[in-house]
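**Student:** just to be clear, the model below is a prediction. Sequence and coordinates:
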Amino acid sequence: MNKPNFIFKVFLFVLVLSATNVFAQTDTKQAQADPCYEVVLQLLMASNNAGEKSSLPPSLSNTVKKLKTLYTFSDFRLTTTFLQRTTSSVEYKSLLTEFNQITDKNYPAFSDWSLKGLRSIPNAQGRNVLQFEMFRFGMRIPIVRSGAGEGGNTQSSVVYDSTGVTTTRFSVNINEPTVIGSLTTSKPDELLFLVLTVKPAE
């Protein structure tokens with residue numbers, strides 16, 4: 001057997017085998033799904049109105065205890081819960097029917113929230129946390145104005161006022177409710193807290 005031809009055939013065989021392994025590894029990586037997470041955003045209303053007391057889910061008990069060390073509100077109640085699944089980002093818009101009690105019922109309130117760049121990374125202690133590139137929450141609240149119209153009749157007009165909070169590059173512990181912001185409402189003795197919980201989807 002010609003030695004150069006034999007060496008060339010061996011080299012070609014090794015090259016083909018290596019390429020096959022590379023393609024097989026690439027196919028395996030492509031077949032792996034990105035991790036999916038369950039994102040729960042809860043709106044927690046704090047006030048001094050004893051008549052509005054309601055039960056809270058056990059998962060928020062520690063959150064409320066911490067808030068009571070910082071604020072003097074006598075009552076905390078859960079108003080809204082949003083649930084979404086994602087591998088990285090969420091974009092959500094909806095009505096806020098719960099807020100009809102603090103606005104004119106003929107004009108609903110709207111919410112608009114999103115998060116981007118969700119990923120799991122180790123913190124300084126080596127423990128995995130969930131980091132976000134950006135989180136934004138906004139509300140559009142109707143403000144009804146009344147005034148005298150033609151002929152002395154009372155006329156009403158509505159203007160939507162926007163309020164919200166945006167934060168970038170923050171992290172939360174897995175499956176641990178975390179307060180990420182607060183907003184005032186139309187009442188002076190109320191405050192709305194945004195509580196975010198993220199855990200691996202089952």
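**Tutor:** Good, I have the coordinates.
**Student:** would you list every one of the helices in this structure?
**Tutor:** Using DSSP state H, the helices of the chain run over 3-31, 61-68.
**Student:** mean pLDDT for the ones you listed: which is lowest?
**Tutor:** Lowest mean pLDDT within the helices of the chain: helix 3-31, a mean of 53.
**Student:** pull the longest strand from this structure.
**Tutor:** Ranked by number of residues, the top strand in the chain under DSSP state E is strand 128-148.
**Student:** in that strand, which residues are buried?
**Tutor:** For strand 128-148, a neighbour-count test (16 or more other C-beta atoms under 10 Å) marks Val129, Leu130, Phe132, Phe135, Arg136, Phe137, Gly138, Met139, Ile141, Pro142 as buried. Just so you know, the C-beta spots here come from the backbone N, C-alpha and C atoms, and that holds for glycine as well.
**Student:** list the helices and strands that strand packs on?
**Tutor:** Counting contacts by 3 or more C-beta pairs under 8 Å, 6 or more residues apart in numbering; DSSP states H and E, strand 128-148 packs against strand 109-116, strand 119-122, strand 154-172, strand 178-184, strand 190-200.
**Student:** closest to Arg77 out of the ones you listed?
**Tutor:** For these, distance to Arg77 was read as C-beta to C-beta. The smallest value, 10.5 Å, belongs to strand 190-200.
**Student:** one step back: now the angle from the longest strand of the chain to strand 190-200?
**Tutor:** 150 degrees (axes from the mean of the first three to the mean of the last three C-alpha atoms, to 10 degrees).
**Student:** mind saving the C-alpha coords of strand 128-148 as PDB?
**Tutor:** Extracted in PDB, the C-alpha atoms of strand 128-148 (Å, rounded to 0.1, in the frame of the first residue of the first chain):
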ATOM      1  CA  ASN A 128     -28.100  31.500  41.800                       C
ATOM      2  CA  VAL A 129     -30.400  34.600  41.600                       C
ATOM      3  CA  LEU A 130     -32.600  35.800  38.800                       C
ATOM      4  CA  GLN A 131     -31.500  39.100  37.200                       C
ATOM      5  CA  PHE A 132     -33.500  41.400  34.900                       C
ATOM      6  CA  GLU A 133     -32.200  44.000  32.500                       C
ATOM      7  CA  MET A 134     -35.400  46.100  32.900                       C
ATOM      8  CA  PHE A 135     -38.800  46.100  34.600                       C
ATOM      9  CA  ARG A 136     -41.500  48.700  34.000                       C
ATOM     10  CA  PHE A 137     -45.000  49.000  35.400                       C
ATOM     11  CA  GLY A 138     -47.400  51.800  34.400                       C
ATOM     12  CA  MET A 139     -51.100  52.700  35.100                       C
ATOM     13  CA  ARG A 140     -53.400  55.000  33.300                       C
ATOM     14  CA  ILE A 141     -56.000  56.400  35.800                       C
ATOM     15  CA  PRO A 142     -59.000  58.300  34.700                       C
ATOM     16  CA  ILE A 143     -59.600  61.800  36.200                       C
ATOM     17  CA  VAL A 144     -63.200  63.000  35.700                       C
ATOM     18  CA  ARG A 145     -63.700  66.700  35.600                       C
ATOM     19  CA  SER A 146     -67.100  68.400  35.800                       C
ATOM     20  CA  GLY A 147     -68.000  71.900  34.700                       C
ATOM     21  CA  ALA A 148     -70.900  74.100  33.600                       C
END
